[in-house]
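Q: turn this into a structure:
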Amino acid sequence: MAFDVISLGELLVEFVRKERDGVHTTPGTYLGPYPSGAPAITIDSCARLGLKTGFIGVVGNDDFGQLLIKRLASDGVDVSKIYIDENSMTGMAFVAYRVDGSRRFVFNLKFSASAKLSPDHIEVDYVGKSKVLHISGSTIFISKSSKEACEKAVTIAKQNNVLVTLDPNLRPELASLEESREALSFFISKSDVILVGEDELLKLFDTQYLNEAIQKLFDRGPKIVVVKRGKRGSMMVTRSGDVVEASAFTVKEVDPTGAGDVYNAAFIYGYLKGWGYRDILIFANAAGAVKVMKVGPMEGPESIDEISKIIREFKV
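A: Take a look at the predicted model:
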């Protein structure tokens, strides 16, 4: 079976602290469980936009695992390569927001079913016949075997001319900055498109200068670098020297978790459709704006129409 986009990695449910500036060390009210996992959010959003998608991952034999499988399947994702591990629990994350919008996570990912993802789960035909393979850095920080699974998938993709997109998705709760740099090295060198948050990019290369960080990425391999800048929109730079920027859409923020992953999906959609660079960025910015207005990390746009409505309202 051939897909437009496939991804692999963590599948988890998320619980969100109801009040702002709450801390996990004191009792409080949490909302959830919400389906989540960075690569899963991206692939689900791709499916909602109408792309043919598949996902490779592992869940536990529990209600949360069933919730995740049912959600992805209901949105059109092929779930035939999501495996159930009888000896592990499905991944979980607890999130508390600070007033400034920053987040505090508690994960069990390193001890969850997601950590059991391995190269044995990666099939040549499943990866090699797709158009795009999307990798999330958070997956490679979970366990040695999940990193090796991603490495195998990328190797197959490159052998079969599959476009590789990477979101470094740094997670200090899973790996230190030095560990992250080392783990990401192989993936940066093999990626065609890197979709990265501005703050993450500056941290990766220990610099205050965005242009310097972008050039250091190009020195390692990718053809396109997309920088997600939150309320300041996004920009795209190509190895050949094209620079395109698009402003953000000012909307009421309710829950920003997952916005970057939804952005990735919208970018991939526009790229596969052969749109102009600025049109792709506008579409992706609008998709992220739709997401932040909804509670739940996977609750992004339900269709292209929902994104188009935002664009029309702002008369972009």
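Q: contacts and neighbour counts: CA atoms only from here.
A: Will do.
Q: can you give me the helices for the stretch 151-300 of the chain?
A: If DSSP state H, counting those that start in this stretch is used as the criterion, the helices of the stretch 151-300 of the chain fall at 177-190, 198-204, 210-218, 259-272, 277-292.
Q: against which helices or strands is the last one packed?
A: Here helix 277-292 touches strand 234-238, strand 243-246, helix 259-272, helix 304-313, going by 3 or more CA pairs under 8 Å, 6 or more residues apart in numbering; DSSP states H and E.
Q: apply 7 Å and report the result again.
A: Using 3 or more CA pairs under 7 Å, 6 or more residues apart in numbering; DSSP states H and E, the elements in contact with helix 277-292 are strand 243-246, helix 259-272, helix 304-313.
Q: please apply the same query to the second one.
A: On a contact count with 3+ CA pairs under 7 Å, 6+ apart, helix 198-204 meets helix 210-218.
Q: would you mind measuring from Phe267 to Asp100?
A: 27 Å (CA to CA, to the nearest Å).
Q: and these two? which has more neighbours close in?
A: Per other CA atoms under 10 Å, whichever of Phe267 and Asp100 has more neighbours is Phe267, with 25 against 8.
Q: how about that one: what's its closest non-neighbour residue?
A: In this structure, Phe267 finds its nearest non-sequential neighbour in Ala284, 5.3 Å apart by CA to CA, 6 or more residues apart in numbering.
Q: quick one: residues contacting the one you found.
A: For Ala284, the contact set (CA atoms under 7 Å, 6 or more residues apart in numbering) comprises Tyr263, Ala266, Phe267.
Q: as a markdown table, those with distance to Asn160 and pLDDT would be great.
A: Below are the contacts of Ala284 laid out as a markdown table (distance: CA to CA, whole Å; pLDDT from 0 to 100):
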| residue | distance to Asn160 | pLDDT |
| --- | --- | --- |
| Tyr263 | 26 | 98 |
| Ala266 | 24 | 98 |
| Phe267 | 22 | 98 |
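Q: wait, which of those is closest to Glu253?
A: Nearest to Glu253 out of these is Tyr263 (CA to CA; 15.2 Å).
Q: pull the number of nearby residues for that closest one.
A: Quick note: Tyr263 (other CA under 10 Å) scores 28 neighbours.
Q: so it sits right up against Gly288, yeah?
A: Yes. Counting by CA atoms under 7 Å, Tyr263 touches Gly288, with 5.2 Å between them.
Q: now do the strands in this structure.
A: Using DSSP state E, the strands of the chain run over residues 5-8, 12-17, 30-36, 53-60, 77-85, 91-97, 103-107, 132-136, 163-167, 193-197, 224-228, 234-238, 243-246.
Q: quick check: closest non-adjacent residue to Glu245.
A: Nearest non-adjacent residue to Glu245 (CA to CA, 6+ apart): Met235, at 4.2 Å.
Q: ok, that neighbour - contacts?
A: By CA under 7 Å, 6+ apart, the contact set of Met235 is Val226, Val227, Lys228, Val244, Glu245, Ala246.
Q: low pLDDT regions in the protein?
A: 101, 315-316 (pLDDT under 70).
Q: closest one to Ile122 among the strands of the chain?
A: Here strand 53-60 is closest among the strands of the chain (CA to CA), at 7.6 Å.
Q: strand partners of the closest one, parallel vs antiparallel please.
A: Paired neighbours of strand 53-60 in the sheet (DSSP bridges): strand 5-8 (parallel), strand 77-85 (parallel).
Q: so how far is it off the chain centroid?
A: Taking CA atoms, centre = their mean, to the nearest Å, one finds the center of strand 53-60 at 14 Å from the center of the full chain.
Q: cool, and stretch 12-23?
A: Distance, stretch centre to chain centre, for stretch 12-23: 20 Å (CA atoms, centre = their mean).
Q: pull it out as CSV, backbone CA atoms only.
A: C-alpha atoms of stretch 12-23 as CSV (Å, rounded to 0.1, in the frame of the first residue of the first chain):
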residue,chain,number,x,y,z
LEU,A,12,0.3,8.8,24.4
VAL,A,13,-2.6,10.4,26.2
GLU,A,14,-2.3,13.8,27.7
PHE,A,15,-3.8,15.3,30.9
VAL,A,16,-3.8,19.1,31.2
ARG,A,17,-3.8,21.0,34.4
LYS,A,18,-7.0,23.0,34.4
GLU,A,19,-5.7,26.1,36.2
ARG,A,20,-2.8,28.2,34.9
ASP,A,21,0.4,28.3,37.0
GLY,A,22,-0.6,25.1,38.7
VAL,A,23,2.2,22.7,39.6
